[in-house]
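Colleague: got a sequence here, can you model it:
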Amino acid sequence: MSRAVSVDEFDAVTSFVSSGAWRAPLTNDEKLVLYGLFKQATEGDCQRGGPVSFLDPVGAAKHEAWMQLRGMTRANARAAYVVEFFQLRETYAAYN
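Modeller: From the prediction side, this is the model:
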């Protein structure tokens with residue numbers, strides 16, 4: 001990770017994203033990256049099995065996005081989330 005991110009900075013970014021103030025038209029893949037990083041940052045490694053994909057394809061995709069980050073520290077996931085957010089914010093600057 002290129003820089004340390006405080007819990008306060010992570011919380012500020014996640015609050016902004018979840019507030020609905022950011023209207024960027026993210027792709028499903030971009031949403032899954034943010035979701036996986038958020039879960040890893042807030043809960044650490046996933047300890048449970050995922051949903052059956054054909055019954056809950058969205059839940060299965062979210063679970064897989066989180067599982068792919070297994071082993072990443074919470075601090076690194078916080079930093080990666082913030083970096084990813086600012087990269088996406090730049091990509092979708094017209095929606096800021």
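Colleague: okay, buried residues for the helix or strand where residue 84 lies please.
Modeller: For residue 84, the element it lies in under DSSP states H and E is helix 74-91. Across helix 74-91, burial judged by 16 or more other C-beta atoms under 10 Å covers 76-85, 88-89. In short, each C-beta sits where N, CA and C put it, glycine included.
Colleague: separation between the nearest residue to residue 42 once chain neighbours are set aside and residue 9?
Modeller: Excluding the flanking residues, the one nearest residue 42 by C-beta to C-beta, 6 or more residues apart in numbering is residue 74, at 7.5 Å. With distances taken as C-beta to C-beta, to the nearest Å, residue 74 is found 14 Å from residue 9.
Colleague: for the closest residue to residue 81 other than its chain neighbours, what are phi and psi?
Modeller: Nearest non-adjacent residue to residue 81, counting by C-beta to C-beta, 6+ apart: residue 37, 4.0 Å away. With angles defined as degrees, to the nearest 10, residue 37 sits at phi -60, psi -40.
Colleague: from what I can see residue 37 touches residue 80, true?
Modeller: Yes - taking contacts as C-beta atoms under 8 Å, residue 37 lies within contact range of residue 80: 5.2 Å.
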